[in-house]
Every structure is written in structure tokens, then in C-alpha cells.
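>>> Next one to model:
(chains A and B)
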Protein chains: 2
Amino acid sequence: MASQNFAGVLVPVLTPFTRSGEPDTGRFVSFCRFLLDQGADGLAIFGTTSEANSMSGAERMAMLDRLIDAGIPAAKLMPGTGACSVSEAATLIRHAVGHGVGGVLMLPPFYYKGMDDEGLFAFFAGVIDRVGSAALKMYLYHIPPQTVLGLSLDLVGRLIEAYPQTVVGLKDSSGDWNNTAALIERFPGFAVFPGSEVFLLDGLRKGGVGCITATGNVNVPGIRKVYENWRTPQADALQAEITLARKTIQAYPMVPALKRIVAHFHSDPDWAAVRPPMTALTDAQSKALLADLAKIGFTLGERRREAAE
Amino acid sequence: MASQNFAGVLVPVLTPFTRSGEPDTGRFVSFCRFLLDQGADGLAIFGTTSEANSMSGAERMAMLDRLIDAGIPAAKLMPGTGACSVSEAATLIRHAVGHGVGGVLMLPPFYYKGMDDEGLFAFFAGVIDRVGSAALKMYLYHIPPQTVLGLSLDLVGRLIEAYPQTVVGLKDSSGDWNNTAALIERFPGFAVFPGSEVFLLDGLRKGGVGCITATGNVNVPGIRKVYENWRTPQADALQAEITLARKTIQAYPMVPALKRIVAHFHSDPDWAAVRPPMTALTDAQSKALLADLAKIGFTLGERRREAAE
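Here you go, the predicted structure:
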């Protein structure tokens, strides 16, 4: 099995938008720095939580350029490069690999439904062949609640076999522990990241390598505690804490809720803005969410060290 | 209700690809001419049947440029400009409107699921406001089997009310006649096109204006006969003929089947190529399809007039 570049707590970084609805690169750079300072092991920018598909490819590439210009280490980045066409996906990946990113996170062609493994294999193979770079490390993105087009175990196995140096991992956002466990069992050495910290401890015990989780945007320190202490007697209690925080937040629409929490704890109301078709939480929802979090004693973790300016 | 530009039989034009998988603009221009010569009332290029989402925005815009350069009348074109982001959709629409197209066909932001009408309204409004052109005529594209994100009657009504000069019609590919009938009843003067010729006659009798149908790629003359004769005593028999052809073809995966039929009747085997994740019909499927068509006496219709070269 090929070497790969990520383990631990990866954050699909929220994308801030300006009041006029444009990607806010200044706030984005600052927030990426903040997450790394908090201990994030990697930044899975342009994921679902990032509203990546609410941005054009050109907007995403421009934001990646700005992150690199600002000195965010490319090796820590796993940009989402999902697109429904081999051509668009290859363009996004070439750009990211050109910057030296640690890997890319790759959706299936989500417009389509009921495609067989033959067609999906041809899609991923077509993208990898077009990019044609030995530097590419691809993480597959299995998220059937959004795509309604999953990646079967057989398809994953076929891709690993055909591209052992390239297809090195997978984010499993199915929410189905049995699928995560089956991936870990069937493909030793393949990097499996559950898409929620709810499965972090179970995943680590089984052979997973960490998690890529939306709530990392507001809880890196808590989630990292589980990662750092998973072999200790406190592991289950630490996991229970982060599971409680997750369940409290996900009682609300996830992305607007996370943005509201960031706006609150960073004292920056503009952070709450989302791009359509998402809608911001109502005032009543915002109050209820913050009250629910206060009840469980939730705060944004302390910075581990001063931000490197 | 605002004036709008289309009625009759519109074809979501198949997109030919070269052997190396690139959009084949030469064959595309010729095929668009052929369809107009056959009597197509409009060309809904870059729809689902066109594998539009298997092409990048740049590829689609380049192909539209080539059609216009080749003299295909812009007023006959209704390009699909669907994208999941307001920014990308606005870019595609501005480009199309700049060429003077008769209208654009607009998907909802299909990556997302379970979005409410508030968010979807904000998406369409955001796109229309960004484009900011009085020349824009938008047709909504309701195709829940692909998007798993439908357009409710209330949302359609709200968009018509907010943008009466812009939101002028809808393609209903739900396959649900009750929904088509409800749209026609509730929004008099709004141009409703069933997404299949199976509902053409029923639609016309109810107040629909035509259809936009995949099988138009291989059967414009047959479908146009129903459109031209729907008030005559032969209407039901003519409808039965085109319904039989449709059902024969859709027993196979639709896009690969249509491309195989074009390849056969145009004696041009390369036409059968699809882009992943679609896969071409197997040899056995191809033979069976052509045999099924022979059984019902199906041939590509005669050209109505010589191609205008």
C-alpha cells in the first residue's frame, strides 16, 4: 500500500462570504490559520461543509491560490476537487497538485444516478489519467446522503488495484458504521476517515486513521483529545464529550449552525452568511443553538500556541 | 404573462465525443443542422440527454460559440445553464444571453438535498439578479429523478411573480403527469413542456405548448406529426406511434441507446461514444435495440427539406 499524507483530525473548512455574497478570502486565510493553530492535522477545504459546490471552479482555484500566497502549508491541504465532468475535475486537480497539496478529496459525478461500477471506474480512471501526475494522492469521497450515488466496496477495491500509488484513502460520510468498518477491514493500509467524529474512537480501534469532520470547525481541541488519548482509559469519556457536542449542533442545519457558532465565538457576525440555496439560521434558531451549547458547557477551545503571523 | 420564444418539439441535443473523449464540435454542428432540417422547433442543447454535466462550463461555452459561428440561429437555442453555484450559473447564462439565445434551461443546485423553498428561491433570484439582463428568458428544469431536489408549485409561482418577464416556462421531467397538469392549470400563459413526448398530446389538450424530449434526437418527424395534428381525429393514433417508439428505446439506458441509434442510421459508428460515467451499449444490447426498432418499423424520418449549406 502506498504512503499517504494525512492522519488525525482534518477539518472541512467553512467558507466565509462577504455581505455581497463573494468568497471572503481574507477571513478564509485567517480562519485556516486559526484551525491549524488549534491543532488541526489537515484542512479539507472545499468540502460539503465548505459549500464548495456553491462556488465555481474559478472561485475555488482563486481561493487556493490565496491560501498558498498567505503561507498556509500546501502539504496540510486536501482540497475537494469534485466535479461531474472528467474535464472540470482534472482542471481542479492539476491546479491543486501544481501547488503541492497533500492530497485531493474526490466526489463521484453526482449529477448522475444509478451509474454502474464500470462507468464510475471509467470516470475516476479518466480523471486520474488526464491529470497524469505521480504527485497526485487521491482520497475518495463517499457521501451518499448528498450524491445519491455511492462508491461500492468493489469499486474502491478496483481503483486501489489500478492506481495503488494514487488512490490512497477515503472519507466515509455515509453515516453507516458498518460500511466504514468494512472498508477498514477489506483494505489494510488504505486510509479511511469517518466523516464524523462520532465514529472517531471506533474507527481508530478498528484501524482507521482519524476523521474529517464538519464540527472540527468549532471543536478541534476536543476532537484532538480523543485522537491523542485513544489508547488511554479516558478515551470513552472523551469520545462521549465530543459526541454530545456533535449531536447538539447537528440538531440544527449543520453548515448554517457552524457558521453561527463561529460568528458568536469569534465575535464576527458577518461569518454567519451562507450562499444560496443554504439559508442562515433564524434569530430564534441561533438563540436556541447557543443556549443548547451553553447547557453542555461548550466553548471554542483555547489556541494551543500563538498564531504564527 | 410575458412573451416567450418556444413552442412545439424541442430536442435536448446529444453531444458527440471524439475517440479521445473530447466534445466533437464538427459533428455537433452538423447534427444540430440535421435536427433543424427535420423540423425541430428548438434545440435545448446542454441538457441531461446532452451529457451537459459531463462537460465543464468552458467546454459548453466553447461549443455554443461554435454553433453560433456556424450560423445556427441563436433564437432557436435553449442551452442548459444549470450549475450548483450562483456564480457559475450566472457566467454560463451571461455568455448565452450575450449570443442572443431564445432562452436558457435552468436546473436547481443539484448537489444539495432537502433545501427549502426559501433557499431555492434565493438561488434562482441570486442568479437572475447577477445576470441582470432584460434579454434573459429562463425556463426552469424540474427533473427530480436526477436532481433529487424538485421545484414545488409554490416555488414556481413565487419565481413567476417576482420575475414575470424572465421566468417564462418550465420543462417537467418528473414523469408525473399530475404535476405537469397542475403546472398548466395553475399558471396560465406559463410555457410548460413535458420532458417526454409520451405526454405531448395530453399536454397540448390541457394547454401545454409542446415537449422537450430526448427521443427528438431520433424522431423529430414523428413527434412533430402529433404537434401539427393534435386537433385532428388522427391525433391519438399518431401519439400511440411515438409512445411505442419511446417505450421501445427507453427499455435501454437512454443516452447510450440514442447515440447508438444515431450511429446506426447516420452510418457513423463513432457517434456511439459517451463520456464517463455513462457507458456505451454492449454489442448484444445494440443488436437487441436495433432489432426491437426494426420490429416496430422505426426509421429516422426523411429530411423535410435539403440542408441549408
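>>> Can you tell me the closest non-neighbouring residue to residue A:151?
residue A:142 (4.6 Å; CB to CB, 6 or more residues apart in numbering or on different chains). The way it works is simple: take the backbone N, C-alpha and C, and place the C-beta from them, glycine included.
>>> Dihedrals phi and psi, the one you found?
phi -100, psi 110 (degrees, to the nearest 10).
>>> and it, how many residues sit next to it?
The number of residues packed near residue A:142 is 24, by other CB atoms under 10 Å in any protein chain shown.
>>> Tell me the secondary structure at the residue lying closest to residue A:270 once chain neighbours are set aside.
Nearest non-adjacent residue to residue A:270, counting by CB to CB, 6+ apart: residue A:19, 6.5 Å away. Here residue A:19 is recorded as coil under DSSP: H, G, I helix; E, B strand; the rest coil.
>>> Near chain B, which residues of the stretch 1-150 of chain A are found?
Residues of the stretch 1-150 of chain A lying near chain B by CB under 8 Å from any CB of the partner chain: A:21, A:53-59, A:83-88, A:91, A:108-113, A:115-116, A:118-120, A:122-123, A:125-126, A:145-148.
>>> and the gap between residue A:183 and chain B?
Remark: distance between residue A:183 and chain B (CB to the nearest CB, to the nearest Å) = 21 Å.
>>> again, but for residue A:12
14 Å.
>>> mind listing what's buried in the lowest-mean-pLDDT helix or strand in chain A?
When each helix and strand of chain A is scored by mean pLDDT, DSSP states H and E, helix A:144-147 comes last, with a mean of 94. Along helix A:144-147, these residues count as buried under the neighbour rule (16 or more other CB atoms under 10 Å in any protein chain shown): A:144, A:146, A:147.
>>> And stretch A:284-300, by the same measure?
For stretch A:284-300, by 16+ other CB under 10 Å, it's A:285, A:286, A:289, A:290, A:292, A:293, A:298, A:300.
>>> what sits up against that stretch?
With CB atoms under 8 Å, 6 or more residues apart in numbering or on different chains as the test, stretch A:284-300 has contacts from A:218-219, A:244-245, A:248-249, A:251-252, A:257, A:260-261, A:264-266, A:272, A:281.
>>> Just the buried ones among those, please.
Looks like those have A:218-219, A:245, A:248-249, A:252, A:257, A:260-261, A:264-265, A:272, A:281 buried, using 16+ other CB under 10 Å.
>>> Which of these fall in helices?
In helices, defined here by DSSP state H, the members of the buried ones among the contacts of stretch A:284-300 are A:218, A:219, A:245, A:248, A:249, A:257, A:260, A:261, A:264, A:265.
>>> wait, which of the residues you listed is closest to chain B?
residue A:257 (14.6 Å; CB to the nearest CB).
>>> just checking, the closest one touches residue A:280?
No: between residue A:257 and residue A:280 there is no contact under CB atoms under 8 Å: 9.8 Å.
>>> what does the stretch 201-309 of chain A put close to chain B?
Counting by CB under 8 Å from any CB, the residues of the stretch 201-309 of chain A near chain B are A:275, A:276, A:277, A:278, A:279.
>>> could you redo those residues as a markdown table and give each row distance to residue B:227?
As requested, these are exported to a markdown table (distance: CB to CB, whole Å):
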| residue | distance to residue B:227 |
| --- | --- |
| A:275 | 41 |
| A:276 | 37 |
| A:277 | 35 |
| A:278 | 41 |
| A:279 | 41 |
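>>> Of those residues, which is the nearest to residue B:39?
Closest to residue B:39 out of those is residue A:277 (38.2 Å), distances taken as CB to CB.
>>> of all the residues of the stretch 201-309 of chain A next to chain B, which comes closest to residue B:172?
The closest of those to residue B:172 turns out to be residue A:277 (CB to CB; 20.2 Å).
>>> Can you list which of the buried residues of stretch A:284-300 are found in helices?
Reading helices off the buried residues of stretch A:284-300 with DSSP H, I get A:285, A:286, A:289, A:290, A:292, A:293.
>>> if I've got this straight, residue A:168 is in a strand?
Yes: assessed by three-state DSSP, residue A:168 belongs to a strand.
>>> Quick check, pLDDT for it.
pLDDT, residue A:168: 98.
>>> That one: what's it in contact with?
Applying CB under 8 Å, 6+ apart, the residues near residue A:168 are A:1, A:2, A:3, A:4, A:103, A:137, A:138, A:139, A:190, A:191.
>>> which of the residues you listed count as buried?
A:4, A:103, A:137, A:138, A:139, A:190, A:191.
>>> Please flag which of these sit within strands.
When DSSP state E defines the strands, the subset of those inside them is A:138, A:139, A:191.
>>> ok, so of those, who is nearest chain B?
Of these, the one sitting nearest to chain B (CB to the nearest CB) turns out to be residue A:138, at 15.6 Å.
>>> before we move on, back to that, which of the buried residues of stretch A:284-300 sit farthest apart?
Top of the distance list for the buried residues of stretch A:284-300 (CB to CB): A:285 and A:300, 19.4 Å.
>>> what bits of chain A have low per-residue confidence?
Within chain A, the ranges that satisfy pLDDT under 70 run A:1-2, A:301-309.
>>> nearest to residue B:31, of the buried residues of helix A:144-147?
Residue B:31 has its nearest neighbour among the buried residues of helix A:144-147 in residue A:147, at 31.1 Å by CB to CB.
>>> Just say helix, strand or coil for residue A:233.
Classified using three-state DSSP, residue A:233 is coil.
>>> ranges for the strands of the stretch 51-200 of chain A?
Here the stretch 51-200 of chain A has its strands, by DSSP state E, counting those that start in this stretch, at A:104-106, A:138-142, A:167-172, A:191-194.
>>> right, so the ones you listed: which one is the most enclosed?
strand A:191-194 (a mean of 29; mean count of other CB atoms under 10 Å in any protein chain shown).
>>> Distance from the chain centre to the helix or strand just after that strand, please.
Beyond strand A:191-194 on the C-terminal side, the first helix or strand identified by DSSP states H and E is helix A:200-206. Offset of helix A:200-206 from its chain centre (CA atoms, centre = their mean, to the nearest Å): 18 Å.
>>> So which bits of helix A:200-206 are buried?
A:200, A:201, A:202, A:203, A:204, A:206.
>>> Now the fourth one. Nearest residue, chain neighbours left out?
Nearest non-adjacent residue to residue A:203, counting by CB to CB, 6+ apart: residue A:194, 4.8 Å away.
>>> residues contacting that neighbour?
A:171, A:172, A:177, A:180, A:200, A:202, A:203, A:208, A:211, A:212, A:213.
>>> Among these, which one lies nearest to chain B?
residue A:171 (15.7 Å).
>>> The closest one contacts residue A:105, doesn't it?
Yes: the pair residue A:171 / residue A:105 is scored as a contact, 6.1 Å apart, by CB under 8 Å.
>>> Overlap in contacts, those two.
Residues touching both residue A:171 and residue A:105 by CB under 8 Å, 6+ apart: A:44, A:139, A:141, A:212.
>>> Sort out which one of these lies nearest residue B:227 for me.
Nearest member of these to residue B:227, counting by CB to CB, is residue A:141, at 44.5 Å.
>>> For burial, what's the neighbour tally of residue A:62?
13.
>>> Let me know the distance separating it from chain B.
With CB to the nearest CB as the criterion, residue A:62 and chain B are 11 Å apart.
>>> before we move on, the earlier item: tally of neighbours for the residue nearest to residue A:270?
Counted with other CB under 10 Å, residue A:19 comes out at 8.
>>> The one 10 residues further on now?
Other residues lying near residue A:29 total 18 when counted by other CB under 10 Å.
>>> ok but it is inside a strand, no?
No: with three-state DSSP as the criterion, residue A:29 is located in helix rather than a strand.
>>> List the contacts of it.
Contacts of residue A:29 (CB under 8 Å, 6+ apart): A:66, A:67, A:70, A:72.
>>> now that we have those residues, which one has the most neighbours?
Most surrounded of the contacts of residue A:29: other CB under 10 Å gives residue A:67, at 24 neighbours.
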